[in-house]
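> build me a structure from this.
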Amino acid sequence: MNKILILFITLALSACEKNSPVFDKIADDAVILAFGDSLTYGTGSSQDADYPAILSTLSTHEVINAGIPGEISQSGRRRLPALLDQYQPELLILIHGGNDILRKMPKQQTADNLAHMINEAKQRNIKVIMLGVPKPGLFLMDSAEFYQQVAESHKVPIDLDTLPNILGSSDLKSDTIHPNNQGYQLMAEKIFNLLLKTGAL
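Residues are numbered from 1 along each chain as shown. Here you go, the predicted structure:
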């Protein structure tokens, strides 16, 4: 009986550890940097309906929209360090690589660029979360495999489902590759929930 009890307690503690927050809460006046391409910029949304603007309201934090439509990850890799130094955020939301996928650029190159961006943030003690961007699919959409691989190897919380679900629904899209206002609203809510779950908020 004692062995069974010990096993039960061990399993229960393990489950608690998996569900426990991974971050300390960011300061009340902390800045959040939303970094990426058109999905961060808000292409397809009305004014102030992009996800960083909505997330700012939900979180009561300043969320800097650092999205550039059409940007590939190699360009983002070069652009990010100066922004981290300029805004000194406590948290980076990284959503990048979608244009690499559309242009069929080498997957490993994109993964390496994302890893470099994460390292740039971590060297400055900046917390990082990611969203996976879907690869093209005939029916159901899934995030490209390298997103999970990068997140796991660098121990970064990641949401692999939100963008595939949004971009897989015609009701949530403004065109074939961008959300509409409702899609960006859902995107912001999912990111907010991830930040709560990880303990950042």
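
> buried set for stretch 76-92?
Neighbour counts over stretch 76-92 (16 or more other C-beta atoms under 10 Å) mark Gly76, Arg77, Leu80, Leu83, Leu84, Tyr87, Pro89, Glu90, Leu91, Leu92 as buried. C-beta coordinates here come from the backbone N, C-alpha and C atoms, glycine included.

> backbone dihedrals for the first one, please?
What that stands for is Gly76. phi -60, psi -40 (degrees, to the nearest 10).

> now do the contacts for it.
By C-beta atoms under 8 Å, 6 or more residues apart in numbering, Gly76 lies in contact with Phe35, Gly36, Asp37, Ile68, His96, Asn113, Met117.

> stretch 41-54: which residues count as buried?
Going by neighbour count (16+ other C-beta under 10 Å), the buried part of stretch 41-54 is Tyr41, Gly42, Thr43, Gly44, Ser45, Ala49, Asp50, Tyr51, Pro52, Ala53, Ile54.

> what mean pLDDT does that stretch have?
Average pLDDT, stretch 41-54: 97.

> give the buried residues for stretch 63-72.
Val63, Ile64, Asn65, Ala66, Gly67, Ile68, Glu71, Ile72.

> ugh, wrong one, stretch 26-37
Buried-residue list, stretch 26-37, by 16+ other C-beta under 10 Å: Ile26, Ala30, Ile32, Leu33, Ala34, Phe35, Gly36, Asp37.

> I'd like the residues you listed as TSV, with distance to Val128 and secondary structure appended.
Output for these, formatted as TSV (distance: C-beta to C-beta, whole Å; DSSP: H, G, I helix; E, B strand; the rest coil):
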residue	distance to Val128	secondary structure
Ile26	12	coil
Ala30	14	coil
Ile32	11	strand
Leu33	10	strand
Ala34	12	strand
Phe35	10	strand
Gly36	13	strand
Asp37	17	coil
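
> in CSV: these, plus distance to Gln109 and pLDDT.
CSV is the format used below for the buried residues of stretch 26-37 (distance: C-beta to C-beta, whole Å; pLDDT from 0 to 100):
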residue, distance to Gln109, pLDDT
Ile26, 32, 98
Ala30, 32, 98
Ile32, 27, 98
Leu33, 23, 99
Ala34, 23, 99
Phe35, 18, 98
Gly36, 17, 98
Asp37, 16, 98
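
> residue closest to the middle of the chain?
Centre of the chain computed as the mean C-alpha position; nearest residue by C-alpha atoms, centre = their mean is Met130, 2.6 Å away.

> OK, contacts around that residue?
For Met130, the contacting residues are Ile93, Leu94, Ile95, Leu114, Ile118, Tyr147, Val150, Ala151, Val156, Pro157, Ile158, Asp159, by C-beta under 8 Å, 6+ apart.

> for Leu33, same thing?
Leu33 sits in contact with Val63, Ile64, Ala66, Leu83, Leu84, Tyr87, Pro89, Leu91, Leu92, Ile93, Ile126, where contact means C-beta under 8 Å, 6+ apart.

> likewise for Arg103?
Ile72 are the contacts of Arg103 under C-beta under 8 Å, 6+ apart.
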